[in-house]
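1. Compute the structure for the input listed below.
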Amino acid sequence: MVTPAAHSPEMPAVPSRLPEVLAAVFVVVFVVLGIAPYDRTVWFLECTPVIAVFLLLAGTARRFRFSNAAYLLMAVWLFWHTVGGHYTFTRVPFGVITDAFGFARNHFDRVGHFSVGFYAYAFAELLTRRRLAGPVVTMFFALFVIMAVACGWEILEWLVADAEGGEAGLAFLGSQGDVWDAQKDMLADTLGAVFALVLFRLCGRRWGSMEPV
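-> Okay, the predicted model is just below:
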């Protein structure tokens, strides 16, 4: 008589449904926060990249399925940016953190930029599992991709704010009067990428991110 345990090595692994759950929750949150945002123009500008990234991940999931860790990290920015689009980043209710640390401005957008860096984990995972680069090149490439995206986004913010003008342009720019806002945002993106890449090197194999596909 063969016990179930004897078959376990040959039984196909049941894929985790976490990405699908995250996607379903995100769709609900996105729809709800898309109702009566503070400024519809700002909402459209902020949420367009969110929609693009979400559709890209959903459309490529069958060809390349990232680890649960990668999807969780990428989901942080999707949810965070959606909330920022609803309120505009300057007006998000973030007073508890602002008051607790004595900040002079609302740093909800800074956290959002830090979470952009989390996508470095996914880039590193893609390169590693596809065996497209060695460990050193993988780390630097993932970091440089995030830095390039950060720079490109700040240039785009400037161009859109200049073209839009008015309150919507200022809300989209989100500088809150800080002349060094763009540089600080790019630094936050970079630090988020460094954090994500450290996680990848320390925990990627344990979290199932290093297996070749």
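2. Only C-alpha atoms from now on, for both contacts and neighbour counts.
-> Will do.
3. Give me the contacts around the strand or helix carrying Ala124.
-> Ala124 belongs to helix 119-129 when elements are defined using DSSP states H and E. For helix 119-129, contacts defined as C-alpha atoms under 8 Å, 6 or more residues apart in numbering pick out 66, 70-71, 73-74, 133-135, 138-139, 141-143, 145-146, 193, 196-197, 199-200, 209-213.
4. chain center to it: distance?
-> 13 Å (C-alpha atoms, centre = their mean, to the nearest Å).
5. Tell me the spacing between Ala142 and Ser16.
-> 25 Å (C-alpha to C-alpha, to the nearest Å).
6. For those two, work out which one has more neighbours and name it.
-> Taking other C-alpha atoms under 10 Å, Ala142 and Ser16 do not tie; Ala142 has more neighbours (24 against 10).
7. Now for Arg65: which residues touch it?
-> Contacts of Arg65 by C-alpha under 8 Å, 6+ apart: none found.
8. hey, where'd the helices end up in the protein?
-> 4-7, 18-33, 40-60, 68-87, 95-101, 108-116, 119-129, 135-164, 166-173, 181-203 (DSSP state H).
9. gap between the spatially most central residue of the chain and Leu57?
-> Per C-alpha atoms, centre = their mean, the C-alpha nearest to the average position across the chain is that of Trp77, at 3.3 Å. To Leu57, Trp77 is 13 Å away according to C-alpha to C-alpha.
10. now swap in Ala142 and tell me
-> 17 Å.
11. cool, and His81?
-> 16 Å.
12. Those two: which has the busier surroundings?
-> More crowded of His81 and Leu57, by other C-alpha under 10 Å: His81, with 25 against 18.
13. correct me, but the more buried one touches Ile51?
-> No. Look at His81 against Ile51 with C-alpha atoms under 8 Å: they stay out of range, at 10.5 Å.
14. List buried residues within the contacts of helix 119-129.
-> 66, 70-71, 73-74, 138-139, 141-143, 145-146, 193, 196-197, 200, 209-210 (16 or more other C-alpha atoms under 10 Å).
15. pLDDT below threshold where in this structure?
-> Applying pLDDT under 70 to the chain flags residues 1-15, 166, 169-171, 173-175, 177, 211-213.
16. rerun that using 80 as the cut-off
-> 1-15, 102, 104, 160-162, 164-179, 205-213 (pLDDT under 80).
17. ok so, going back, right, so the helices of the chain: which one is the most enclosed?
-> Ranked by average neighbour count under the criterion mean count of other C-alpha atoms under 10 Å, these are headed by helix 119-129 at a mean of 24.
18. hey, C-alpha coordinates of it in CSV?
-> This file holds the C-alpha atoms of helix 119-129, laid out as CSV (Å, rounded to 0.1, in the frame of the first residue of the first chain):
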residue,chain,number,x,y,z
TYR,A,119,10.5,47.4,-8.1
ALA,A,120,14.3,46.8,-8.1
TYR,A,121,13.5,43.5,-6.4
ALA,A,122,11.4,42.4,-9.4
PHE,A,123,14.0,43.5,-11.9
ALA,A,124,16.7,41.5,-10.0
GLU,A,125,14.4,38.5,-9.8
LEU,A,126,13.8,38.6,-13.5
LEU,A,127,17.5,38.8,-14.4
THR,A,128,18.4,36.1,-12.0
ARG,A,129,15.7,33.6,-12.9
